[in-house]
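J.: The following comprises the amino acid sequence and a computationally predicted model.
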Amino acid sequence: MSDTNCPLCRKDRPARTFKTLYGSSVCSKCYYGFGNRRQLAFVLDWFLWYFVSYALGVTGTVMLLVIHAPDAAVTAFLVVGAYVAAPLAFFCKDGFGGHSPGRAICGVQVIDRDTHAPIGFRTSFKRNLIIYVPLMPILIALTLFKGHRVGDGWANTKVVWKKHAEHPVFTGRWACVSCQYDLRGNTTGVCPECGTPTAPAHRVAA
């Protein structure tokens, strides 16, 4: 089978290995490379969140016991911390300019799907609220490789690979698969920059 040029890494790969990312065909190396970064970012965030939440919980409980706080106060602190404060912190984790600690380490970012601006805490909360549904993190982990995951729809968000953030695969604009020339408004069926035919498959979905 003939090779095909990957629009992200620009390397020739066997055509049978290409997979769909945000509606565009990319090689399996780029496809899994991006997906694995997203999964690793989530794992890093979860461990950091768990460690910090546990440390704060223990510290707060010890302080309340030291000052001889009523048992009801200790219980209330643990309940509010476990069921309100800790989840809220995790839901808002992507609000630091579209980054969580894990995403910053792994080189991915959450942006607004229309403006491409990094999201804030409010949108992060909206996007991640779905994680509170039982078993939803597993479903998300299994479906995020194609790009959009559950929660991106109503939050109007998408995750981008920062080093390719301006690439048509992530911006969603018409572009030539050979030279990435912007083809918005082009009706000739040919890239004016390099002469490559512009078939419908060359359009990158937003």
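T.: Looks like it arrived, so ask away.

J.: What separation do you get for the residue lying closest to Lys163 once chain neighbours are set aside and Ala76?
T.: Using Cβ to Cβ, 6 or more residues apart in numbering and skipping the chain neighbours, the partner closest in space to Lys163 is Gly107 (6.3 Å). To be clear about C-beta, it is placed using only N, CA and C from the backbone, and glycine gets the same treatment. Using Cβ to Cβ, to the nearest Å, Gly107 is found at 41 Å from Ala76.

J.: circling back to that earlier point, could you list every residue that touches the residue nearest to Lys163?
T.: Residues in contact with Gly107 (Cβ atoms under 8 Å, 6 or more residues apart in numbering) are Arg37, Trp161, Lys162, Lys163.

J.: and if you look at Thr143?
T.: Thr143 neighbours (Cβ under 8 Å, 6+ apart): Arg149, Val150.

J.: list the buried ones in the host helix or strand of it?
T.: Assigned by DSSP states H and E, Thr143 belongs to helix 136-143. By neighbour count on 16 or more other Cβ atoms under 10 Å, the buried set for helix 136-143 is Ile140.

J.: What mean pLDDT does it get?
T.: Helix 136-143 carries an average pLDDT of 80.

J.: Output that helix as PDB - backbone C-alpha positions only.
T.: Extracted as PDB, the C-alpha positions of helix 136-143 are listed here (Å, rounded to 0.1, in the frame of the first residue of the first chain):
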ATOM      1  CA  MET A 136     -17.500   8.700  33.100                       C
ATOM      2  CA  PRO A 137     -13.700   9.100  33.500                       C
ATOM      3  CA  ILE A 138     -13.300   5.600  31.900                       C
ATOM      4  CA  LEU A 139     -15.600   6.500  29.000                       C
ATOM      5  CA  ILE A 140     -13.700   9.800  28.500                       C
ATOM      6  CA  ALA A 141     -10.300   7.900  28.500                       C
ATOM      7  CA  LEU A 142     -11.600   5.600  25.800                       C
ATOM      8  CA  THR A 143     -12.900   8.300  23.500                       C
END
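
J.: tell me which residues in whichever helix or strand comes after it are buried?
T.: The helix or strand immediately downstream of helix 136-143 is helix 152-155, counting by DSSP H and E. For helix 152-155, burial by neighbour count (16+ other Cβ under 10 Å) applies to Asp152, Ala155.
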